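J.: Sequence and predicted model, in that order:
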Amino acid sequence: MCAAGFLLRVRRTTTRKTTESDTAVTTTFRELGVLPLICDALERAGITTPFAIQEMTLSVALMGTDLIGQARTGTGKTLAFGIPVMQRSVTMSDPAYADLPQGKPQALIVAPTRELALQVSNDLHLASKDLGLRVLTVYGGVGYDTQLDTLAAGVDIVVGTPGRLIDLANRKALDLSHVHALVLDEADEMLDLGFLPDVERLLSMTPETRQTMLFSATMPAAIVSLARTHMRHPMNIRAESSYENATVPATAQFIYLAHDLDKPEIIGRVLQADDAEKMIVFTRTKRQAQRIADDLAERGFSAAPLHGDMAQVAREKALAKFREDKLKVLVCTDVAARGIDVRGVSHVVNYTCPEDDKTYVHRIGRTGRAGASGTAITLVDWPDIARWKMINKTLDLPFPDPQETYSTSEHLFHDQGIPAGTKGRIVDAAPVERKPREDRGSDRGGRSDRSSSERPARSRDRNRTRTRSGAPAAQDAASGQTDSAAPATAGEGKPEVSRTNRRRRTRSGGSKPTGATTTEA
């Protein structure tokens, strides 16, 4: 708790320093040489001052130089490569457009996930609204028809995931032979997802004279090898500290040792903290994400899952509602949530301990974006203590021994600013429907409690017996009848013989006379 409080004070100090430095910086997009039409579109969206990675990258990228940009997630990398791509693309109103192959893409941006591709595409649409550039987003999980029709009509910039881009290229619908700029966004994540062969194949389809920009939060050896093979004297720009996995300083981190059955209650109470806005909960499996989202929804919170088993339309709808503040909680798996950039995310909760330090940095990077502050909570199970100790040591964090925490712990309420008496539910549990007393059987033998007058009449032949054991007389006596109550009379045709007499046998194996009546002592 002391370490968490220390980080909280650091967060406030860092935020204050950032604000003071921002007021001192006078650099704008216009001063960096960005086209007025792009600047006007950005200013309408409230974007006027570039971030560090943008300021350091634009002057180099606008000249067509290959570069490798390294910056933490959430620091504005999209516009750092998006503005040069748009500015160096020729619009249809430009006379030089007549010299280009009509409708062929001029730029290609490759992203690891569908959600990130859509996010990049939205930013490009926003910044190029006054330019008239045609931007197409392609990804799997949806039909080909719309994408094929749009490509046939002509596009200027294509944003997509590696698998669908290769499929369209194999269909001869996507021609990359005239691309002048190629961007690999979140290249380290593409390597983690196993997209390196697909990326190299896409690179081979583009001209060697293209401009290649590679952006990554970390710099693994495979990325360095990729840069050496497919880039021409790239410039390495790092808007970071020298430590590649440094976490965002504006994010306060809390690590709790919690029981799995108590975690939904903890999350429900954190959602009612004083500074709680929107929350992203990360889980290890798709089934777990679905279960937690359903649990939070049953508690009264507007929650939805986001995982790979969902249809693409459902994933886009859930993400759109989350952006529009119609959802308060998004429960995600790592793959589905890669690259999600949503404003107003105040809390990130690791429902389970991350697999490694890179996953931890990626997850908590969903909050504290664009200079805002955020809170990251990690709920560690007892079997995951050793894994967390490795993450803590690698990232040099001050949480080697997480504090045992329950939903009723005082330090949880104090750390998160939860009002006293808060419960993890904002609606009462749905009552269990029970049948009325008269419709239920009693606990003894399942006999009905209704009176005999309410029972339906039974059309039962009381003259029949149910047993072969030779003791029907007692049952018949109880019903007020005996076997002799219906004797056979001579002269009325074939005498009526009871089923008992027909089936009775003597001890010696012989049968009694057909018309005889028997009485057992």
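T.: That came through fine.
J.: in the chain, what spans have low per-residue confidence?
T.: 1-26, 72-74, 92-93, 96-99, 240-250, 336-339, 368-372, 429-521 (pLDDT under 70).
J.: In it, what residue spans correspond to strands?
T.: Using DSSP state E, the strands of the chain run over 67-70, 107-110, 135-138, 157-160, 181-184, 211-216, 235-238, 251-257, 278-283, 303-306, 329-333, 345-350, 374-380, 403-404.
J.: got a markdown table for those strands, with mean neighbour count and distance to Ile292 too?
T.: All C-beta atoms are positioned from the backbone trio N, CA, C, and that covers glycine. A markdown table is the format used below for these (neighbours: other CB atoms under 10 Å; distance: least, CB to CB, whole Å):
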| stretch | mean neighbour count | distance to Ile292 |
| --- | --- | --- |
| strand 67-70 | 24 | 34 |
| strand 107-110 | 25 | 32 |
| strand 135-138 | 23 | 29 |
| strand 157-160 | 27 | 31 |
| strand 181-184 | 26 | 33 |
| strand 211-216 | 23 | 31 |
| strand 235-238 | 15 | 37 |
| strand 251-257 | 23 | 16 |
| strand 278-283 | 25 | 6 |
| strand 303-306 | 26 | 8 |
| strand 329-333 | 26 | 5 |
| strand 345-350 | 23 | 10 |
| strand 374-380 | 25 | 11 |
| strand 403-404 | 16 | 21 |
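J.: Distance check, the residue nearest to Met235 when sequence neighbours are not counted against Ala187.
T.: For Met235, ignoring the flanking residues on the chain, the nearest one in space by CB to CB, 6 or more residues apart in numbering is Leu67 at 4.6 Å. Distance, Leu67 to Ala187, by CB to CB, to the nearest Å: 12 Å.
J.: Check the contact lists of the two and give me the overlap.
T.: Residues touching both Leu67 and Ala187 by CB atoms under 8 Å, 6 or more residues apart in numbering: Leu214.
J.: okay, now Pro383: neighbour count?
T.: When neighbours are counted by other CB atoms under 10 Å, Pro383 registers 9.
J.: Kindly report the same for Gly64.
T.: When neighbours are counted by other CB under 10 Å, Gly64 registers 13.
J.: need the contact list for it.
T.: Arg88, Gln211.
J.: Now do the domain split for the protein, please.
T.: 32-238, 251-416 (automatic domain parsing).
J.: Does Lys278 touch Glu324 like I think?
T.: No. Checked against CB atoms under 8 Å, the pair Lys278 and Glu324 is beyond contact range at 10.7 Å.
J.: Surely Arg232 and Pro207 touch.
T.: No. Counting by CB under 8 Å, Arg232 stays clear of Pro207, with 11.8 Å between them.
J.: burial of Ile38, as a residue count?
T.: What Ile38 shows, counting by other CB under 10 Å, is a neighbour count of 22.
J.: Spatially nearest residue to it, not counting backbone neighbours?
T.: Closest to Ile38 by CB to CB, 6+ apart is Ala127, at 5.3 Å.
J.: quick one on the thing from earlier: need the strands of the chain in a markdown table with distance to Asp295, can you?
T.: Formatted as a markdown table, the strands of the chain follow (distance: least, CB to CB, whole Å):
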| stretch | distance to Asp295 |
| --- | --- |
| strand 67-70 | 39 |
| strand 107-110 | 37 |
| strand 135-138 | 33 |
| strand 157-160 | 35 |
| strand 181-184 | 38 |
| strand 211-216 | 36 |
| strand 235-238 | 42 |
| strand 251-257 | 18 |
| strand 278-283 | 11 |
| strand 303-306 | 8 |
| strand 329-333 | 9 |
| strand 345-350 | 13 |
| strand 374-380 | 14 |
| strand 403-404 | 22 |
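J.: For the residue nearest to Ile38, give its distance to Ser204.
T.: As judged by CB to CB, Ala127 and Ser204 stand 29 Å apart.
J.: neighbour count winner among these two?
T.: A side-by-side neighbour count of Ala127 and Ser204, using other CB under 10 Å, places Ala127 first with 29 against 10.
J.: I'd assumed Ala80 was in contact with the more buried one.
T.: No. With contacts counted by CB under 8 Å, Ala127 stays clear of Ala80, the gap being 11.7 Å.
J.: picking up where we left off before, need the contact list for the residue nearest to Met235.
T.: Thr57, Val60, Ala61, Met213, Leu214, Pro234, Met235, Asn236, Ile237.
J.: From these, pick the one nearest Asp384.
T.: Of all the contacts of Leu67, Asp384 sits closest to Leu214, with 33.7 Å by CB to CB.
J.: Give the full set of residues in contact with that closest one.
T.: Leu67, Ile68, Gly69, Val183, Leu184, Ala187, Ile223, Leu226, Ala227, Met231, Pro234.
J.: where's the residue lying closest to Ser177 once chain neighbours are set aside relative to Lys129, distance?
T.: Of all residues not flanking Ser177 in the chain, Pro207 sits nearest, at 6.6 Å (CB to CB, 6+ apart). When distance is defined by CB to CB, Pro207 is 29 Å away from Lys129.
J.: quick one: which of those two has more around it?
T.: Neighbours were counted for Pro207 and for Lys129 using other CB under 10 Å; Lys129 has more, 16 against 11.
J.: tell me the phi and psi of the more buried one?
T.: phi -60, psi -40 (degrees, to the nearest 10).
J.: contacting residues for the residue nearest to it when sequence neighbours are not counted?
T.: In space, Lys129 comes closest to Ala41 once its chain neighbours are excluded; the distance is 4.8 Å by CB to CB, 6+ apart. Listed by CB under 8 Å, 6+ apart, the contact set of Ala41 reads Leu126, Ala127, Ser128, Lys129, Asp130.
J.: please redo it, this time with the cut-off set to 10 Å
T.: Counting by CB atoms under 10 Å, 6 or more residues apart in numbering, Ala41 touches Leu35, Ile47, Met86, His125, Leu126, Ala127, Ser128, Lys129, Asp130, Leu131.
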